[in-house]
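**Q** Here you go, sequence then predicted model.
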Amino acid sequence: MDFSKLAEFLAQNNEPAFRIKQITKNYYSGRYLSFSEMTDLSLGLRQLLETNYSLSSIKLDKLLEDKFAKKARLILGDGSKIETVLMDYGDWKTVCVSSQVGCPLGCTFCATGKMGFTRNLTVDEIIDQILFWKHTNTVSRIVFMGMGEPFLNWDNLIAALKTINDKNGLYIGNRKISISTAGVAPRIIDFANLNTEINLAISLHSADQATREEMMPIARQYSLNDLKKALDYYTKLTHRQVFFEYLLAKDVNDSPKHLDLLIKFIRSNNLFYLNLIPLNPIKDGLTPSDNLTYFQKELTAAHVNFSVRHSIGQSINSACGQLIVEK
Ligand code: SF4
């Protein structure tokens, strides 16, 4: 929604100056799916807007739900499809947002990576995912953990974050927003320099360089050393915790050697925090490890800051790494 163009359009049609504020407020409330539903506008104006503008950049294709999660497949203006997820944690609801159509990074444990990359999402397409859920739910947290690598869509990500946080936008506090990156080290530095209260999560999955390269091809471009340097810079500047995601995959990253390197890595900075995640199965993907209890025991003994995070929404393939749209 280009509000400056819309304001010009309203002025050309002799609408009072406050009208744009009224429409902006209506839009971000999430209550309306079309201009024709905005009954606080005159019928003539509603019809005029409906003919000249589209309120949303997305349309629902398919909705799946289980007890704790809902997954929506959305169609964009150019026919591309993405998925977004609403997770219900009882006391709050979190929207998992996609940032790209597909993903160029091709992590081996991730269904999205198998889709390849089509394009970055626009700011509207990012915001409209949140508004889609807000239409029928109270949304209190946002995570950029859906399809795509958010730091490779930097400009649109930053613009969307401003709108999410803005009191005239979605007005969700920065502390309730999290971004997960596969480890685009230069963008971690840029993100640190913004010095916001937005949470930063890193898909780590191995603290062994060779294993990480196998699981996440981006590790060949930005090594564990590059990642560690960028993150030490981030914690020094922001004094904020960094959350590491570690999916446990059988015979890939679950050996005693992997565990030792993981312990060393997490303990190397007291603001590093580990989230151990049982692997969510995908078609032709990696196998969940049997070593979760062993990792838990050893991490506890080594006084590592960690928790085990069970993904929700597995039955509808909406858990971490499971989002995919067949072309
Ligand atoms: S895990 Fe993230 S970065 Fe890796 S392929 Fe999947 S969407 Fe892309």
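**A** Done, it's in. This structure is a prediction, so every number in the text was calculated from the model and none was measured.
**Q** Beta-bridge partners for Ser307, please?
**A** Asn275 (DSSP bridges).
**Q** ok, now which ones touch it?
**A** Contacts for Ser307 (CB atoms under 8 Å, 6 or more residues apart in numbering) come out as 274-276. Every C-beta, even on glycine, is put in place using the N, C-alpha and C of the backbone.
**Q** Now for those, which sits with the most neighbours around it?
**A** Leu274 (24 neighbours; other CB atoms under 10 Å).
**Q** What separation is there between it and Asp78?
**A** 39 Å (CB to CB, to the nearest Å).
**Q** likewise Ser99?
**A** 16 Å.
**Q** Tell me which of those two has more neighbours.
**A** Neighbour count, other CB under 10 Å: between Ser99 and Asp78, Ser99 has more, with 27 against 8.
**Q** quick one: that one from Asn137, how far?
**A** 21 Å.
**Q** do the same with Lys93
**A** 5 Å.
**Q** Of these two, which one has the most company?
**A** Lys93 (17 against 14).
**Q** re the thing from before, what touches both of Lys93 and Asn137?
**A** Listed contacts common to Lys93 and Asn137 are Leu86; contacts here mean CB under 8 Å, 6+ apart.
**Q** burial of Ile202, as a residue count?
**A** With other CB under 10 Å as criterion, Ile202 counts 21.
**Q** and what of Ala192?
**A** Burial measure for Ala192: 20 neighbouring residues, criterion other CB under 10 Å.
**Q** for it, phi and psi?
**A** Note on Ala192: backbone dihedrals following degrees, to the nearest 10 are phi -60, psi -40.
**Q** surely it meets Asp232?
**A** No. If you go by CB atoms under 8 Å, Ala192 and Asp232 don't touch, sitting 9.9 Å apart.
**Q** Ramachandran angles for Gln129?
**A** According to degrees, to the nearest 10, Gln129 has phi -60, psi -40.
**Q** Cys96 too?
**A** Dihedral angles for Cys96 - degrees, to the nearest 10 - are phi -100, psi 120.
**Q** Tell me the bridge partners for it.
**A** For Cys96, the beta-bridge partners are Val85, Val143 (DSSP bridges).
**Q** measure it to Ser311 for me?
**A** With CB to CB as the criterion, Cys96 and Ser311 are 10 Å apart.
**Q** Tell me which of those two has more neighbours.
**A** Using other CB under 10 Å, the more surrounded residue of Cys96 and Ser311 is Cys96, with 27 against 18.
**Q** what sits against that one?
**A** If you count contacts by CB under 8 Å, 6+ apart, Cys96 has them with 84-87, 143, 145-146, 318.
**Q** List the neighbours of the helix or strand of the chain with the lowest mean pLDDT that are in contact with it.
**A** Between all helices and strands in the chain, the lowest mean by mean pLDDT, DSSP states H and E belongs to helix 3-12, at a mean of 92. Residues from elsewhere that reach helix 3-12 (CB under 8 Å, 6+ apart): 17, 19-20, 23-24, 52-53.
**Q** Can you show me the helices along the stretch 51-200 of the chain?
**A** Taking DSSP state H, counting those that start in this stretch as the criterion, the stretch 51-200 of the chain carries its helices at 123-134, 154-165, 185-194.
**Q** Could you check the angle the last one makes with helix 154-165?
**A** The one in question is helix 185-194. 40 degrees (axes from the mean of the first three to the mean of the last three CA atoms, to 10 degrees).
**Q** Would you mind pulling up the elements that helix 185-194 packs against?
**A** helix 154-165, strand 177-181, helix 224-238 (3 or more CB pairs under 8 Å, 6 or more residues apart in numbering; DSSP states H and E).
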